[in-house]
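> need coordinates for the below:
(one chain, ligands or ions: 1)
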Amino acid sequence: MNSFYDIIGHEDVISHMKNAYTLEKVSHAYILEGEEGMGKKMLVNSYGKLLQCEKPDGSKPCNICSSCIQMDTQNHPDVIYLYPTKKTGYGIDDVREQMVSDINIKPYRSKYKIYIIDQADTMTIQAQNSILKTIEEPPEYGIFFMLAVNSKKFLPTILSRAVKMTLKPINSSDIESFLISEYGVNMDKAKVLSSFSRGNIGKAIKLQESEIFNNQRNDMVELLDIFINREEYDIMEAVKLLERQKETISELIEILISLIRDVLYYKETQSSSELIHQDIELRIIELSNKVKPERLVKLVKNSYEFMNQQRLHVNFSLSVLTMLTNC
Ligand SMILES: [Zn+2]
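Model (predicted):
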């Protein structure tokens, strides 16, 4: 069920939306900015549900009218979801057809016609230019929600015509309680997942739902161990270990960096209270006793460089080798 009352965090965005609704100052264009998994879609679905509800109670949707039910099943005739069809994002034809011409058709039966544009920051410059007039002077019933990871990709002319709201990370204690109550995970695991997800609840849920995170983390602890106690032969093992999981390399590097962060943190403070990976505290302590901080700092630097090289498609094994040995 989509409702503001089921959303954890994002109080400022919710209060802005509720106020706009109550004061009848709903804008025609919104940009919601935040990482994947932060809850952008849940927020706009809840707002859309309230806006379209046939019998709202103050700023609460009734949850039982046919509009509310259609919103819950993402089946509302007057709420249109747009997704990029190409890897490169939305081209000019996509938005012309699905928004610019479509907006002229009146809503089927609701007060508003709502467009929820996923990954709107992937619109090409031409596509953005082609929607300018539409979002500036839409018919009375038109509302556009542009969901984006990075609002800097919008033209200034789009930004100036839309109300921009940036989602803030959720408190780690709120994510912990949520994971404990909704998924029955234990406190230790909840802490690891909440700190690793850095306030992104979608990411925390995804991590808890799969065993992948644990496996990936075990591998990265092993890699760090090899790095710290390095033997020439083992380094090649480490290269192979990453090579086998090339597809998820950015996740692995992210985990590796968070482990290094913990080892450095422990070295500096001799305290484990603020560790991200508190549940493997002993392993972190053990590693921290064997390594000079300078080497780890260099490894973090090398890891970032490695990721940049991957974007440029530099030879994988060679870059891993440079990353691990040049420290
Ligand atoms: Zn309703």
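> tell me which residues of the worst-scoring helix or strand of the chain on mean pLDDT come out buried.
Across the helices and strands of the chain, the lowest-confidence element by mean pLDDT, DSSP states H and E is helix 232-243, at a mean of 85. The neighbour-count criterion (16 or more other C-beta atoms under 10 Å) identifies Asp234, Ile235, Ala238, Val239, Leu241, Leu242 as the buried residues of helix 232-243. C-beta coordinates here come from the backbone N, C-alpha and C atoms, glycine included.
> packing partners for it?
Using 3 or more C-beta pairs under 8 Å, 6 or more residues apart in numbering; DSSP states H and E, the elements in contact with helix 232-243 are helix 212-228, helix 316-325.
> out of these, which gets nearest to the ion?
Each of the helices and strands packed on helix 232-243 was scored for nearness to the ion using C-beta to the ion, and the closest is helix 212-228 (38.3 Å).
> let me know the average pLDDT across that closest one.
Computed over helix 212-228, the mean pLDDT rounds to 91.
> go on, stretch 139-150?
Mean predicted confidence for stretch 139-150 is 97.
> mind saving the C-alpha coords of that stretch as CSV?
Output in CSV follows, covering the C-alpha atoms of stretch 139-150 (Å, rounded to 0.1, in the frame of the first residue of the first chain):
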residue,chain,number,x,y,z
PRO,A,139,-2.9,22.2,-19.0
GLU,A,140,-4.4,22.8,-15.5
TYR,A,141,-4.5,19.0,-14.9
GLY,A,142,-0.9,18.2,-15.8
ILE,A,143,1.7,17.2,-13.1
PHE,A,144,5.2,15.9,-13.9
PHE,A,145,7.4,14.1,-11.4
MET,A,146,10.9,13.8,-12.7
LEU,A,147,12.9,11.2,-10.6
ALA,A,148,16.6,11.6,-10.8
VAL,A,149,19.9,10.4,-9.3
ASN,A,150,21.8,13.6,-10.3
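> give me the contact list for that stretch.
Taking contacts as C-beta atoms under 8 Å, 6 or more residues apart in numbering, the residues outside stretch 139-150 that touch it are 26-36, 40-41, 44, 47-48, 51, 99, 103-104, 106-107, 111-121, 131, 134-135, 138, 154, 158, 162.
> near the ion, list only the ones from the residues you listed.
Near the ion, taking C-beta under 5 Å from the ion as the test, no member of these is found.
> what's the pLDDT at the closest residue to Tyr81 other than its chain neighbours?
In space, and not counting its chain neighbours, Tyr81 is closest to Ile116: 5.1 Å by C-beta to C-beta, 6 or more residues apart in numbering. Per-residue confidence at Ile116 stands at 97 (pLDDT).
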